[in-house]
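Can you look at this prediction? I've put the sequence above it.
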Amino acid sequence: MKTSLIYSTAWGELHCIDSLEYMRSMPDNSVDLVMTSPPYALHFKKEYGNADQARYVQWMLPFAFEIQRILKPSGSFVLNIGGAWTPGHPVRSLYQFRLLLALCDEIGFHLAQEFFWYNPAKMPAPAEWVNVQRIRCKDSVEYIFWLSKTERPKANNAKVLQEYSRDMKRLMEKGLKATVRPSGHAIKDTFTSNHGGSIPGNLIQCGNNESNSRYIKNSKATKKKIHPARYPAELPRFFIEFLTEAGDLVLDPFAGSNTTGAVAEALHRRWLGLELSEEYARDSELRFKPVEILSENGQVMQGALL
């Protein structure tokens, strides 16, 4: 295998290479988390490459086979994949569900849990069904399949607690008597105990409209092309904190602009990014370059890490 290293940091490395080729050289049971978002099976061809719906499952399975092999028994494979429409028809493709069944039935993954990424900033599409004929609504949710090699992968939701709601804070202040809800659920007086935050649901809400990150600032300053299909830092942040510990190894085999690696770096996880496009691979280093911004009063400030 030819030398492929583009750059390295304190915690990771980015390689420009076919990720299938690279993963075949990796030892069994060596990765704690694979966090990735491969090209979707969209109707229109993208410049970063995407398999069509008819052959998507067969395209993805060789990657999945290697991911399953290199994952530790305690490891997880988190796959963000968007839906698609059937070309020329106002009905949805089922390709992501066929892929999920193949990952479990043919490769041997367990579906630990499905998550949903709600992106309120997503554009309405396809225009013919949503904007012109108005017979469909805006598609604003993408699937995130949390897959695992065993039934009990490493996970701790106490590390991703969310702020209590206003109602819950009020209940904690006033206290609650034990009761039984009409649904039959027994509510104990310990329900209002303060555990430092609420357990998160499996819906992650965040827009995909970063505008003030190091990557965006540096790309504009150096006149580099911004990757057209980045996912927001909140997605890898949630799963890296939820499913790994400091020092664990996080792999993204479709690194793109390397959001996963930058988040892993900030959280002190070892990371490995693999990207086929040399342009995207080299430009992703901009996420790790300092950027100086002048504030309104002329003070020099550092840009956001990601």
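All right, it came through fine.

low pLDDT regions in the stretch 1-150 of the chain?
Along the stretch 1-150 of the chain, segments meeting pLDDT under 70 span 1-3, 42-50.

And the strands in it, which stretches?
5-8, 12-16, 31-36, 71-81, 110-118, 141-148 (DSSP state E, counting those that start in this stretch).

Most tightly packed of those strands?
When the strands of the stretch 1-150 of the chain are scored by mean count of other Cβ atoms under 10 Å, the highest mean neighbour count falls to strand 31-36 (a mean of 26). In short, each C-beta sits where N, CA and C put it, glycine included.

Tell me which other helices or strands that strand touches.
On a contact count with 3 or more Cβ pairs under 8 Å, 6 or more residues apart in numbering; DSSP states H and E, strand 31-36 meets helix 56-70, strand 71-81, helix 234-243, strand 249-252.

circling back: tabulate the strands of the stretch 1-150 of the chain (JSON lines), appending distance to residue 281.
Formatted as JSON lines, the strands of the stretch 1-150 of the chain follow (distance: least, Cβ to Cβ, whole Å):
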{"stretch": "strand 5-8", "distance to residue 281": "5"}
{"stretch": "strand 12-16", "distance to residue 281": "4"}
{"stretch": "strand 31-36", "distance to residue 281": "15"}
{"stretch": "strand 71-81", "distance to residue 281": "20"}
{"stretch": "strand 110-118", "distance to residue 281": "25"}
{"stretch": "strand 141-148", "distance to residue 281": "24"}
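
Select, out of those, the one closest to residue 266.
strand 12-16 (11.1 Å; Cβ to Cβ).

Give me the sheet partners of that closest one and which way each runs.
Taking DSSP bridges as the criterion, strand 12-16 sits next to strand 5-8 (antiparallel), strand 270-275 (parallel) in its sheet.

of all those strands, which lies closest to residue 57?
strand 270-275 (21.0 Å).

May I have the helix or strand just after the closest one exported as CSV, CA atoms only?
Using DSSP states H and E, the helix or strand that follows strand 270-275 towards the C-terminus is helix 278-283. C-alpha atoms of helix 278-283 as CSV (Å, rounded to 0.1, in the frame of the first residue of the first chain):
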residue,chain,number,x,y,z
GLU,A,278,-6.9,14.5,-2.4
GLU,A,279,-8.4,18.0,-2.6
TYR,A,280,-10.9,17.3,0.3
ALA,A,281,-8.2,15.5,2.3
ARG,A,282,-5.7,18.3,2.0
ASP,A,283,-8.3,21.1,2.6
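
Tell me the helices and strands packed up against helix 278-283.
strand 5-8, strand 12-16.

mind listing what's buried in it?
Buried residues in helix 278-283, counted by 16 or more other Cβ atoms under 10 Å: 280, 281, 283.

what's the first-to-last distance across stretch 68-88?
In stretch 68-88, first residue to last residue: 36 Å (Cα to Cα, to the nearest Å).

er, stretch 253-261 actually
11 Å.

Could you do stretch 151-171 as well?
End-to-end for stretch 151-171, by Cα to Cα: 35 Å.

Report the contact partners of residue 100.
Counting by Cβ atoms under 8 Å, 6 or more residues apart in numbering, residue 100 touches 111, 145.

measure it to residue 16 for me?
30 Å (Cβ to Cβ, to the nearest Å).

any low-confidence regions in the stretch 201-306 of the chain?
For the stretch 201-306 of the chain (pLDDT under 70), the answer is 292-306.

Try it again at 50.
294, 300 (pLDDT under 50).

Would you enumerate the residues in contact with residue 206?
Going by Cβ under 8 Å, 6+ apart, the list of residues near residue 206 reads 117, 118, 119, 232, 234, 235.

Between the strands of the stretch 1-150 of the chain, which one is closest to residue 166.
strand 110-118 (20.5 Å).

pull the CA atoms of the closest one into CSV?
The C-alpha atoms that make up strand 110-118 are tabulated as CSV, following Å, rounded to 0.1, in the frame of the first residue of the first chain:
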residue,chain,number,x,y,z
HIS,A,110,-26.9,-5.6,15.8
LEU,A,111,-29.1,-2.6,15.6
ALA,A,112,-28.4,-1.1,19.0
GLN,A,113,-30.8,1.8,18.3
GLU,A,114,-32.0,4.1,15.6
PHE,A,115,-31.6,7.8,15.9
PHE,A,116,-33.0,10.7,13.9
TRP,A,117,-31.2,13.9,13.0
TYR,A,118,-33.7,16.8,12.7
